[in-house]
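Participant: A predicted structure for the sequence below; I have some questions about it.
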Amino acid sequence: MEKHQCALFDLDGVVVNTAQYHYLAWKNIAHLVGYDLTFQDNEQLKGVSRPDSLRVILKMAQTSISQDEFDRFLIQKNEDYLVLVQALKTTDILPGISEGLVFLKDKGIKIGLGSASKNALLILEKLNLTSYFDVIIDGNQVKKGKPHPEVFLKGSTALNVKPKACVVFEDASAGIEAAKAAGMTAIALGEPNEFKGADFCFPHFNAIGISTLEKLF
Ligand code: BG6
Ligand code: MG
């Protein structure tokens, strides 16, 4: 396996299980348009920006709303989400992530965050992880959301590493598509049948193991 020089992490669902809180907050909004958002539906929202997620929900509900209502729902979703993540603490970091970050740092591998979330910095701060990241690219800095590769390409450019020397860790199908469109090695975390085109798939980050990380970096 070729060695890589850079690791790019998605945040929600990879570093911390905030994916469940995004789901709960969207479920509330979906109820307001008369739709019962299922756990299965939620797969389509993972990695997708806030406005795009609402568009997907409206499509699922086969309904439309005014621009005013659209904007209000986005604000309400985020307010609900922020209440849910208020209690996040370092013990909520997903298994293997802290050890993985230390392993990469010790090896001199560059570490970046590539997240669609506009709350990424707030979450990293709550988890005390900000200092591990050499670059943080989040929803405030990208014009095109995943599956567009912009978020990961901005990360590799900022770190001065070629895309093919980067490994992306992702739990969303849109994120795997973005990583592959960027020309990077894509590691999917979740069920193999949820992902198209991933180079490797593991049930969660902790299942990767140090020996595989040694081969990748
Ligand atoms: C992604 C999540 O990381 O960020 C999505 O997987 C979420 O579920 C998106 O919609 C945008 O997040 P935020 O915090 O800006 O609403
Ligand atoms: Mg994610």
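Facilitator: That came in fine, so what should we check first? Ligands and ions are numbered 1, 2, ... in the order given.

Participant: tell me the residues of the protein that contact ligand 2?
Facilitator: Asp10, Asp12, Gly13, Asp171, Ala172 (CB under 5 Å from the ion). C-beta: built from backbone N, CA, C; applies to glycine.

Participant: so which bits of the longest helix anywhere in the chain are buried?
Facilitator: If you go by DSSP state H, the chain has its longest helix at helix 67-85. For helix 67-85, the neighbour count (16 or more other CB atoms under 10 Å) marks Phe73, Lys77, Asp80, Tyr81, Leu84, Val85 as buried.

Participant: kindly report the same for stretch 131-146.
Facilitator: Neighbour-count burial for stretch 131-146 flags Tyr132, Phe133, Asp134, Val135, Ile136, Ile137, Asp138, Val142, Gly145, Lys146 (criterion: 16+ other CB under 10 Å).

Participant: state the distance from the residue of the chain found nearest ligand 2 to ligand 1.
Facilitator: Distances between the chain and ligand 2 by CB to the ion are smallest at Gly13, namely 3.6 Å. Separation of Gly13 from ligand 1 (CB to the nearest ligand atom, to the nearest Å): 6 Å.

Participant: before we move on, back to that, in strands, which of the residues of the chain next to ligand 2 fall?
Facilitator: For those, not one is inside strands, with DSSP state E as the criterion.

Participant: from these, which is closest to ligand 1?
Facilitator: The closest of the residues of the chain next to ligand 2 to ligand 1 turns out to be Asp12 (CB to the nearest ligand atom; 3.6 Å).
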